[in-house]
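Q: Below are the sequence and a predicted model for it; my questions follow.
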Amino acid sequence: MHRIYKSTRDWLITASRTNFYNVITEAKMTPRQKEIVEERFIKGKPNFLIAMDMNLSTKTIEREIHMAYLAINRILNITTPDPQVL
């Protein structure tokens, strides 16, 4: 996993609920992305269960989480790693 995504994921896991909701609101994510991120990081559901509940493919869930990471990352200003280090 890229360090930038790991940093974002770690922040999402450890953030208070207030900070979590403030950031996902400020990130201007789609309603579906918000729902997926809440299911994943607040309720702790694995991707395949989110996909089943929302009647989507796991690839769609993974893509939406990826896009949410990018949006959240813009708000948190987590720096992009040097591509040569990856």
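A: Okay, I see it. What you see is a predicted model, and the numbers here were worked out from it, not measured in a lab.
Q: can you list contacts of stretch 63-78?
A: Outside stretch 63-78, the residues that touch it by Cβ atoms under 8 Å, 6 or more residues apart in numbering are 4-5, 7-9, 11-12, 23-24, 26-30, 32-34, 36-37, 40, 47. The way it works is simple: take the backbone N, C-alpha and C, and place the C-beta from them, glycine included.
Q: Name the residues of that stretch that are buried.
A: 64-65, 68-69, 71-73, 76, 78 (16 or more other Cβ atoms under 10 Å).
Q: Check stretch 27-37 too.
A: 27, 29, 33-34, 36-37.
Q: Please apply the same query to stretch 6-14.
A: 7-9, 11-12.
Q: what number of residues lie near residue 47?
A: Residue 47 is flanked by 19 other residues according to other Cβ atoms under 10 Å.
Q: In contact with it: list those residues for me.
A: Residues near residue 47 by Cβ under 8 Å, 6+ apart: 40, 58, 61-62, 65.
Q: Pipe these into a markdown table and attach pLDDT and distance to residue 19 per row.
A: Converted to a markdown table, the contacts of residue 47 look like this (pLDDT from 0 to 100; distance: Cβ to Cβ, whole Å):
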| residue | pLDDT | distance to residue 19 |
| --- | --- | --- |
| 40 | 94 | 16 |
| 58 | 97 | 28 |
| 61 | 97 | 23 |
| 62 | 95 | 24 |
| 65 | 93 | 19 |
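Q: May I ask which of these has the most neighbours?
A: In terms of neighbours by other Cβ under 10 Å, the contacts of residue 47 top out with residue 61 at 24 neighbours.
Q: wait, isn't it in contact with residue 49?
A: No. Contact criterion Cβ atoms under 8 Å: residue 61 and residue 49 do not qualify, at 9.5 Å.
Q: all helices for this protein, in order.
A: Remark: helices assigned in the chain by DSSP state H are 3-14, 17-26, 31-37, 47-54, 58-76.
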